[in-house]
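Peer 1: Need coordinates for the following:
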Amino acid sequence: MSSPATPFEPLYVVDTHALIWYLRNDKKLSSQAKTIFQAAEQNQTVLIISAIVMAELYYANAKNNWFADFMVIYTDILSKPFIRFMPVDHTHIPNFSQDVAVPEMHDRIIAGVARRLNAPLITSDPLIIATGIVKIVW
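Peer 2: Okay, the predicted model is just below:
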């Protein structure tokens, strides 16, 4: 007897706001995105977080003071076995032109990660969604 097919993709790339709303248990996180995060917590899928997302999280937290100690949040994220990190390095620069439809540089990098991995991007960003360059989950 075979096990039922999982409704989840093997990988999802996570945008900054989705990660923030997940960490804060914020109602702004869509039910579909929340379901994917919960599936990842149960090892049914893997979440990819770009180094750019972590940098944006740091700066957003410094501005909004959501978390008293960013290093506690950072260490917790690093410890989660269902999260993998994608560094941003010089090898990605030649790919930037393929994602030119995304107007903001950081969003372009995040969308590019999803495109290169052929993974859905968990985002509600209308500027990324409008480009159609990656599959969006929200």
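Peer 1: Kindly indicate whether His17 is helix, strand or coil.
Peer 2: Following DSSP: H, G, I helix; E, B strand; the rest coil, we place His17 in the helix state.
Peer 1: Identify the residue spatially nearest to it, adjacent ones excluded.
Peer 2: Spatially, and ignoring its direct neighbours in sequence, His17 is nearest to Ser124 (6.5 Å; Cβ to Cβ, 6 or more residues apart in numbering). All C-beta atoms are positioned from the backbone trio N, CA, C, and that covers glycine.
Peer 1: quick one, what contacts the one you found?
Peer 2: Listed by Cβ atoms under 8 Å, 6 or more residues apart in numbering, the contact set of Ser124 reads Asp15, His17, Ala18, Lys28, Ser30, Trp138.
Peer 1: repeat for Pro120
Peer 2: Residues near Pro120 by Cβ under 8 Å, 6+ apart: Glu9, Tyr12, Val13, Ala114, Val134, Lys135, Ile136, Val137.
Peer 1: and Glu104, how many residues sit next to it?
Peer 2: 12 (other Cβ atoms under 10 Å).
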